[in-house]
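# What shape does this take:
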Amino acid sequence: MKLLMIDDDTGLCELLSEYLTAQGYIVECVHDGEQGLKKAFEHDYALILLDVMLPKLDGFEVLKQLRQKKLTPVIMLTAKGEDFDRIFGLELGADDYIPKPFNHRELLARVKAITRRIEHIASLSNTSSNKLTVNNIIINLAARQAYVDNNELSLTGTEYEVLALLVKNAGEVVSKEQISEEVLGRRLASFDRSIDMHVSNIRKKIAEYNNSERIKTMRGTGYVFIRGE
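This next block holds a predicted model:
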């Protein structure tokens, strides 16, 4: 699988490129936002590793423009302790984030969680189209598409996974811990708001077509997808 890393730290790019190549990935590196966005538009990557602090275009602007045309999975590389960067990146449609400095094995685990999802999509390409329909939401499991009132939702891969998990368990509370482990492939850390932001994004996209409440927050516990009106 081909990955794109957009980071102006050339030393880090070289180290990670060598490490991820040894794990079987093909890695391309660019060192400014403009070139990174150009590459992302011109080629199909399995995943983009995107630094926040970049010359020419910062990571937020790259992600914002990317999401206008493509839903390529993105892991944001954020400064340690910069909660705003993480939340803002998730609001713009990042699939996950990892704070610098990070352990190489932790990054590999995040990358594998997303690329496994992509491999799973490919394995479903020849299967019959199984669908779930709950409360005017249709989940096409084979095509990995979601609809509300027959309008297709423009969801990132992570947002789709979160919504599909909630719909599969409609009427039951799904904890944030379960969502994090099943969708992001990692345990939920203290004060981690990534699941909250993904759910918030899903709600906004559903509300573009239907304002009825679909996902209810169970304070301190998780979320439940409502079965009926």
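# show me what contacts the residue nearest the centre of the chain?
Centroid check for the chain by Cα atoms, centre = their mean gives residue 95 as the closest residue, at 1.9 Å. Neighbouring residues of residue 95 by Cβ atoms under 8 Å, 6 or more residues apart in numbering: 73, 74, 75, 114, 156, 157, 158. Where C-beta positions appear, they are placed from N, C-alpha and C, glycine not excepted.
# Repeat that for residue 202.
Residues near residue 202 by Cβ under 8 Å, 6+ apart: 153, 155, 159, 162, 163, 215.
# Model confidence for it, exactly?
Note on residue 202: pLDDT of 97.
# what ranges do the strands span in this structure?
Using DSSP state E, the strands found in the chain span residues 2-6, 26-30, 47-51, 74-79, 96-100, 131-134, 137-140, 145-148, 151-152, 173-175, 215-218, 222-225.
# highest average neighbour count across these?
When the strands of the chain are scored by mean count of other Cβ atoms under 10 Å, the highest mean neighbour count falls to strand 47-51 (a mean of 25).
# so what secondary structure elements neighbour that one?
When contacts are defined as 3 or more Cβ pairs under 8 Å, 6 or more residues apart in numbering; DSSP states H and E, strand 47-51 packs onto strand 2-6, helix 33-42, helix 59-67, strand 74-79, helix 104-123.
# Can you tell me which of those is nearest to residue 211?
Closest approach to residue 211 among the helices and strands packed on strand 47-51 is made by helix 59-67 (22.9 Å; Cβ to Cβ).
# and the closest one, C-alpha only, in PDB?
C-alpha atoms of helix 59-67 as PDB (Å, rounded to 0.1, in the frame of the first residue of the first chain):
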ATOM      1  CA  GLY A  59      -1.800  21.000   7.700                       C
ATOM      2  CA  PHE A  60      -5.300  22.300   8.500                       C
ATOM      3  CA  GLU A  61      -5.600  24.100   5.100                       C
ATOM      4  CA  VAL A  62      -4.300  21.000   3.300                       C
ATOM      5  CA  LEU A  63      -6.900  18.900   5.000                       C
ATOM      6  CA  LYS A  64      -9.700  21.400   4.400                       C
ATOM      7  CA  GLN A  65      -8.900  21.600   0.700                       C
ATOM      8  CA  LEU A  66      -8.400  17.800   0.400                       C
ATOM      9  CA  ARG A  67     -11.800  17.100   2.000                       C
END
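# In the chain, where is pLDDT below threshold?
Along the chain, segments meeting pLDDT under 70 span 120-129, 229.
# what does the domain assignment say about it?
What automatic domain parsing lists as the domains of the chain is 2-123, 131-225.
# Would you mind listing the residues in contact with the closest residue in space to residue 23 that isn't next to it in sequence?
Counting by Cβ to Cβ, 6 or more residues apart in numbering, residue 23 lies nearest to residue 108, which is 6.2 Å off, once chain neighbours are set aside. By Cβ under 8 Å, 6+ apart, the contact set of residue 108 is 19, 20, 23.
# cool, residue 39 as well?
4, 6, 28, 30 are the contacts of residue 39 under Cβ under 8 Å, 6+ apart.
# of all these, which two lie farthest apart?
The largest separation in those, counting by Cβ to Cβ, is between 6 and 28 at 9.5 Å.
# Of the helices and strands packed on strand 47-51, which is nearest residue 210?
Nearest to residue 210 among those is helix 59-67; the distance by Cβ to Cβ comes to 21.9 Å.
# how about that closest one: buried residues?
Buried residues in helix 59-67, counting neighbours by 16 or more other Cβ atoms under 10 Å, are found at 59, 60, 62, 63, 64, 65, 66, 67.
# Fine by me, we can end here.
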